[in-house]
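# please find the sequence and the predicted model below.
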Amino acid sequence: MLVHRIREGRQTAQLERARCAGNEMVQKLILAKRDEAQLISLQNDTAITLALAEGAVLGAYEFRKYKTSGKNGSLKKLSILAPELSSKALGELVDVCEAVLTARDLVNEPNSFLTAVQLGKELWTLSRNAGFKLQTFDKSRIEALGMGGLLAVNKGSIDPPTFNVLEWKPKNAVNRKPILLVGKGVVYDTGGLSLKPTPNSMDSMKCDMAGAAAVACAISAVAKQELPVHVIGLIPATDNRPGGNAYAPGDVIRMHSGLTVENLNSDAEGRIILADALSYGEQFDAELVFTIATLTGAAMRAIGTYGTVTMGTADDKQFERLNDAGEQVYERLARMPFWDEYDEEIKSDVADIKNMGSDLGGAITAGKFLARFTTRPFIHLDIAGPAFINKRDQYRTKGGTGVGVRLFYEFIKRRATGR
């Protein structure tokens, strides 16, 4: 029996304490080698009970696909006895938790399995199970579309790129214009010719598609729950390698939009492929555009692994709505300034813009680069810190965390009800 003082402080703090209590419970059960448990709630509070269960389920996660020995010590079955819980609320919790765990699996997969083509296949599985539409463009289609940014980053790879369009469009959608989610799908990042060091850098770069995982898995949960919101996801996917034909610092790239970009650092590839996706997304005339990416070390240095850096051109009300959703699920946000002066940092002498600014304000200049490729209200989320962690943080397990899935789901759910 575990007793926790949950009902202190504001509601969002209570919910997070409940999640942590659920995680603590499941860790004790795993240490005791129990694979089944019952959660008997005396809270008489649906939100608290769901948060307890959420922390238990997310905290029990292990990525064991490549283990050849040893038993899985994880919890296999959790029964919940709570008269205040409806089957609908429990079903929603299951769908959202499954989406987070799937995102973690995708982020934890090595590039030896998860190429850009394989990512497309994984998205097809999600699409079939959840009921959203999916188009996956191969390299020839990408070439026909003139996606020079995605093609440039892919030049050093032996594996072809893909471009994926996900759509959930229910007949009863409350929004006339869609919400557009754009996720970075760099399935492995060596830095290209601007090669990364291996220790504590390149060795974890299978996580560089965490933005793609967040977009796909959030849309999967939205579709499973049949939320009445039109959502489109765009996922450009490739690896970034220093092959013999790799794009080089000094190259000028003609993007899908027609703008030219001077490449000053081949390790600043994420913004280049996202830019093509944003330009492609202009045709949808979205009410709000999000980009989500493990984009800059500057974001991690600014706030660590405890939250997500945000910025953009959307109005304060949209940022407040996103922040409220983040507080609800405890995926907290730190908004950066987006002053016009930062635009000066990415002016190029030989092209329209360059993909790197100075050593200062790197997370913001990356966001400014992206903003040049969309005319719609825009919010950028840099998840370089929280997407992949080196040690467990409560129910956020070591490795891929699935950050962004719960945030997007909560934001879209609130949009469905007019909040």
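Looks like it came in fine. Being a predicted model, the structure only gives us computed values, none of them experimental.

# how much space between the closest residue in space to Glu84 that isn't next to it in sequence and Asp382?
Counting by CB to CB, 6 or more residues apart in numbering, Thr46 is the residue found nearest to Glu84 once chain neighbours are left out, at 5.0 Å. Where you see a C-beta, it was placed from the backbone N, CA and C, and this is true even at glycine. Shown here: Thr46 relative to Asp382, a distance of 33 Å by CB to CB, to the nearest Å.

# before we move on, the earlier item: how many residues are close by the residue nearest to Glu84?
Thr46: 15 surrounding residues under other CB atoms under 10 Å.

# quick one: contacts for it?
82, 84-86, 89 (CB atoms under 8 Å, 6 or more residues apart in numbering).

# which of those count as buried?
Burial by neighbour count, judged by 16 or more other CB atoms under 10 Å, picks out 82, 85 from the contacts of Thr46.

# so which of the contacts of Thr46 sits lowest on pLDDT?
Sorting the contacts of Thr46 by pLDDT puts Glu84 at the bottom of the list (77).

# tell me where the stretch 151-300 of the chain has helices.
Counting by DSSP state H, counting those that start in this stretch, the stretch 151-300 of the chain forms helices over residues 210-224, 270-281, 297-303, given from the N-terminal end onward.

# got the angle between the second one and helix 210-224?
Using axes from the mean of the first three to the mean of the last three CA atoms, to 10 degrees, one finds that helix 270-281 and helix 210-224 are set 40 degrees apart in direction.

# shaky segments in the protein?
Low-confidence regions of the chain, defined here as pLDDT under 70, cover residues 1-9, 43, 70-73.

# tell me the domain boundaries of it?
By the record's domain assignment, the chain is partitioned as 11-85, 96-416 (automatic domain parsing).

# pick the most deeply packed of those.
Among the domains of the chain, domain 96-416 has the highest mean neighbour count (mean count of other CB atoms under 10 Å), at a mean of 21.

# would you check how far apart the residue nearest to Asn245 when sequence neighbours are not counted and Val229 are?
Setting aside the residues directly before and after it, Asn245 is nearest to Lys155 in space (CB to CB, 6+ apart), at 5.0 Å. Here Lys155 is placed at a distance of 37 Å from Val229 (CB to CB).

# circling back to that earlier point, hang on, the residue nearest to Asn245 packs against Pro242?
No. With contact taken as CB atoms under 8 Å, Lys155 and Pro242 are classed as non-touching, separated by 10.3 Å.

# centre of the chain to stretch 42-57, how far?
Relative to the mean C-alpha coordinate of its chain, stretch 42-57 is positioned 25 Å out (CA atoms, centre = their mean, to the nearest Å).

# and stretch 158-172, by the same measure?
Distance, centroid of stretch 158-172 to centroid of chain: 15 Å (CA atoms, centre = their mean).

# what's the answer for stretch 291-311, then?
The chain centroid and the centroid of stretch 291-311 are separated by 12 Å under CA atoms, centre = their mean.

# in TSV, list the contacts of Thr46 along with secondary structure and distance to Glu262.
Output for these, formatted as TSV (DSSP: H, G, I helix; E, B strand; the rest coil; distance: CB to CB, whole Å):
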residue	secondary structure	distance to Glu262
Ala82	coil	58
Glu84	coil	59
Leu85	coil	56
Ser86	coil	56
Ala89	helix	52
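
# from the contacts of Thr46, which is closest to Ala21?
Ala82 (14.4 Å; CB to CB).

# surely the closest one meets Ala47?
No. Counting by CB under 8 Å, no contact exists between Ala82 and Ala47, whose distance comes to 11.5 Å.

# let me know the angle separating the lengthiest strand in the chain from helix 270-281.
What stands out as the longest strand in the chain, according to DSSP state E, is strand 231-240. Interaxial angle, strand 231-240 versus helix 270-281 (the same axes, to 10 degrees): 140 degrees.

# strand partners (parallel or antiparallel) of strand 231-240?
Taking DSSP bridges as the criterion, strand 231-240 pairs within the sheet with strand 162-168 (antiparallel), strand 179-183 (parallel), strand 185-189 (parallel).

# now the last one - C-alpha only, CSV.
Meaning strand 185-189. Only the C-alpha atoms of strand 185-189 are listed here, as CSV (Å, rounded to 0.1, in the frame of the first residue of the first chain):
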residue,chain,number,x,y,z
GLY,A,185,12.1,13.2,-39.3
VAL,A,186,15.9,12.9,-39.4
VAL,A,187,16.2,9.2,-38.6
TYR,A,188,19.9,9.5,-37.8
ASP,A,189,22.1,12.6,-37.8
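
# how far out from the middle of the chain is it?
Relative to the centre of its chain, strand 185-189 is centred 13 Å away, using CA atoms, centre = their mean.

# cool, and the second one?
Average the C-alpha atoms of strand 179-183, do the same for its chain, and the two points are 10 Å apart (CA atoms, centre = their mean).

# all strands of the stretch 1-150 of the chain, in order?
If you assign secondary structure with DSSP state E, counting those that start in this stretch, the strands in the stretch 1-150 of the chain sit at 36-40, 77-81, 133-137.

# and the last one, what other elements does it pack with?
Packing partners of strand 133-137 (3 or more CB pairs under 8 Å, 6 or more residues apart in numbering; DSSP states H and E): helix 116-130, strand 162-168.

# between that strand and helix 116-130, how big is the angle?
Computed with the same axes, to 10 degrees, the direction of strand 133-137 lies at 170 degrees from that of helix 116-130.

# excluding its backbone neighbours, what's nearest Thr397?
Of all residues not flanking Thr397 in the chain, Tyr61 sits nearest, at 5.0 Å (CB to CB, 6+ apart).

# who's in contact with the one you found?
Tyr61 makes contact with 74, 101, 104, 397 under the criterion CB under 8 Å, 6+ apart.

# likewise for Ile232?
With contacts taken as CB under 8 Å, 6+ apart, Ile232 has the following neighbours: 165-168, 178-181, 281, 284, 286.
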